[in-house]
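K.L.:
dropping a prediction and its sequence here:
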4 protein chains.
Amino acid sequence: MINRDAPSLLKEMATREPFSRMLNLKVLEIRPGYAKVQAGVAPKMLNIHGITHGGALFAVVDEAFELASNSHGTIAVALNMNITFFAPTGPGDILTAEAKEVFRTNRTATYQIEVTTDDGKRIAACQALVYRKKHLLPGLEKNE
Amino acid sequence: MINRDAPSLLKEMATREPFSRMLNLKVLEIRPGYAKVQAGVAPKMLNIHGITHGGALFAVVDEAFELASNSHGTIAVALNMNITFFAPTGPGDILTAEAKEVFRTNRTATYQIEVTTDDGKRIAACQALVYRKKHLLPGLEKNE
Amino acid sequence: MINRDAPSLLKEMATREPFSRMLNLKVLEIRPGYAKVQAGVAPKMLNIHGITHGGALFAVVDEAFELASNSHGTIAVALNMNITFFAPTGPGDILTAEAKEVFRTNRTATYQIEVTTDDGKRIAACQALVYRKKHLLPGLEKNE
Amino acid sequence: MINRDAPSLLKEMATREPFSRMLNLKVLEIRPGYAKVQAGVAPKMLNIHGITHGGALFAVVDEAFELASNSHGTIAVALNMNITFFAPTGPGDILTAEAKEVFRTNRTATYQIEVTTDDGKRIAACQALVYRKKHLLPGLEKNE
């Protein structure tokens, strides 16, 4: 019986996550309070104006946020997300979302998530808040 | 040559929108300053906790927002979205997002988007802001 | 010994609140999940452009939010506020902020706060979130 | 006739700003896209719970935001502010708000504002958006 740490467990969970798989989201890194996720913009992710749909961009942001906020081993649920869009992207662009923990208490935690393209262009920034439950992630042993 | 109004044009554009098609989003109604979009939660929309992924929920919100904000016939681009999550949903739930215009100037406009389930449960609320360009939607004749 | 209800207790507390007094904020109404606050824009509330300072406008919003979220008798602390500004105001304008509860659980609650002027002009809208503590407001008896 | 640069002009304007004076806000620094403002928490800034009123804290945030966003010499008006509160403060605490430009186009710009106390404690973080007018600040010569 192996007591795995939360980041590696989360990485495994993410590879099996249905929505993430549908959009080909790729987890680059998870550390306590941190996650980095990447996705290429595929034609199926576009909106009526021919640019990346807000929902597709948000999916990358939310994935990084979800992984960073669950990285301490207890379940975190999103309360609020505030996203500001800087520049549009389109087919061929590679989006990287990096989530960093800004503040954490026993009950809530705040994350800043930045989205950039491969060539370093800033695409969006998001400030996001979770409520932290006491339950451990399924698969994690009680750490006493 | 028919000069169609923006709502009916948008409805057509939405049926061809790639991301919307991937998630089976259904446009129920578009009027000036208003849009209503629906989606059933499919298994492919779930996250690591087995509930609807934030990105999937946001896609429904963003679709209603996009259609309501472009409903006046000129192109609107999202500047900021602030979403608060009330309750989780899962497979079988039917999500309805209703976007209403709260305030509009020549340059910006604000929308309130509410997400509910079929049985009237409140799932999320979003306050969102667009920048309004002067360009007409492609396909709309110059209205003089 | 009188067991007063939270709204009337809050109304009293508000009349003694230092910041509220400095800005002459007037509490018009408090009910469970609801509060309405009013303030005239005085010359001392202006910013460098000669219009109402964001901080002064926000004070009216925050007061209504604070009273509505504490109206159930237990202490609520602000987690997040998202405010969108529609139109500027200036000296002589009378601002009314109305806070309505949108959703409430044992742990968090969300409020929508609208600011208007006397002549019904929309000035700002705010979506705001609290964490709800279990402690009662000081002065309230334990309700068993 | 002296063509002064915007930061020094703004610093002068801030010293005459009514709301800022009422709260004793002190401008520590203004550079293009940047501003730092400080305020001691006075007893008159407290709320019903005896901690700093949200409106008072927000005033410090908004002042830094206003100065940073007007620092390029053209008038910027606030569109949206999203503030997350980390920890309460009280009498004697010294609040410093630092506003940094995150992204800027000809039409809009985004700022990140962080509030800390003297001993480095994080108090709040705010993501804020302006609409940028073409008009110069009054007192600035047309730069050709």
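P.N.:
Okay, I see it.
K.L.:
report how many residues lie close to A:T74.
P.N.:
16 (other C-beta atoms under 10 Å in any protein chain shown). (Each C-beta comes from the backbone N, C-alpha and C, glycine too.)
K.L.:
neighbours around the closest residue to A:V77 other than its chain neighbours, how many?
P.N.:
Once flanking residues are discounted, A:V77 sits nearest to A:Y131: 5.3 Å by C-beta to C-beta, 6 or more residues apart in numbering or on different chains. Counted with other C-beta under 10 Å, residues neighbouring A:Y131 total 21.
K.L.:
contacting residues for the nearest residue to A:P32 once chain neighbours are set aside?
P.N.:
Among residues not flanking A:P32 along the chain, A:S71 sits closest, at 5.2 Å (C-beta to C-beta, 6+ apart). Counting by C-beta atoms under 8 Å, 6 or more residues apart in numbering or on different chains, A:S71 touches A:6-7, A:10, A:30-35.
K.L.:
what pLDDT does the closest residue to A:G33 other than its chain neighbours get?
P.N.:
Of all residues not flanking A:G33 in the chain, A:E101 sits nearest, at 3.4 Å (C-beta to C-beta, 6+ apart). A:E101 carries a pLDDT score of 98 in this model.
K.L.:
buried residues, the top strand by length along chain A. List them.
P.N.:
The residue-count maximum for a strand in chain A (DSSP state E) belongs to strand A:122-136. If you call a residue buried by 16 or more other C-beta atoms under 10 Å in any protein chain shown, then strand A:122-136 has these buried ones: A:123-132, A:136.
K.L.:
quick one: strands adjacent to it?
P.N.:
Sheet pairing of strand A:122-136 (DSSP bridges) gives strand A:74-85 (antiparallel), strand A:108-117 (antiparallel).
K.L.:
distance of the residue nearest to A:V77 from B:V61?
P.N.:
In this view, A:Y131 and B:V61 are 20 Å apart by C-beta to C-beta, to the nearest Å.
K.L.:
re earlier: looking at the contacts of A:S71, which one is closest to chain B?
P.N.:
Using C-beta to the nearest C-beta, A:L10 comes nearest to chain B of the contacts of A:S71, at 7.3 Å.
K.L.:
quick one: secondary structure of the closest one?
P.N.:
Secondary structure, DSSP: H, G, I helix; E, B strand; the rest coil: A:L10 is helix.
K.L.:
close enough to count as contact, it and A:I30?
P.N.:
Yes. At 5.4 Å, A:L10 counts as touching A:I30 under the criterion of C-beta atoms under 8 Å.
K.L.:
number of nearby residues for A:R21?
P.N.:
12.
K.L.:
A helix includes it, no?
P.N.:
Yes. Assigned with three-state DSSP, A:R21 falls within a helix.
K.L.:
so what's the residue nearest the centre of chain A up against?
P.N.:
By C-alpha atoms, centre = their mean, chain A has its centre lying nearest to A:A64, at 1.4 Å. Residues counted as contacts of A:A64 (C-beta under 8 Å, 6+ apart) are A:35-37, A:97-99, A:113.
K.L.:
tell me how far A:L95 lies from chain D.
P.N.:
16 Å (C-beta to the nearest C-beta, to the nearest Å).
K.L.:
please disregard the earlier target; I meant A:A78.
P.N.:
Distance from A:A78 to chain D, by C-beta to the nearest C-beta: 13 Å.
K.L.:
my guess is that residue meets B:G54, correct?
P.N.:
Yes. Using C-beta under 8 Å, A:A78 is in contact with B:G54, at 5.7 Å.
K.L.:
shared neighbours, the two?
P.N.:
Jointly contacting A:A78 and B:G54 under the rule C-beta under 8 Å, 6+ apart are A:62, A:65-66, B:85.
K.L.:
narrow those to those in helices?
P.N.:
Taking DSSP state H, the ones among the shared contacts of A:A78 and B:G54 that sit in helices are A:62, A:65-66.
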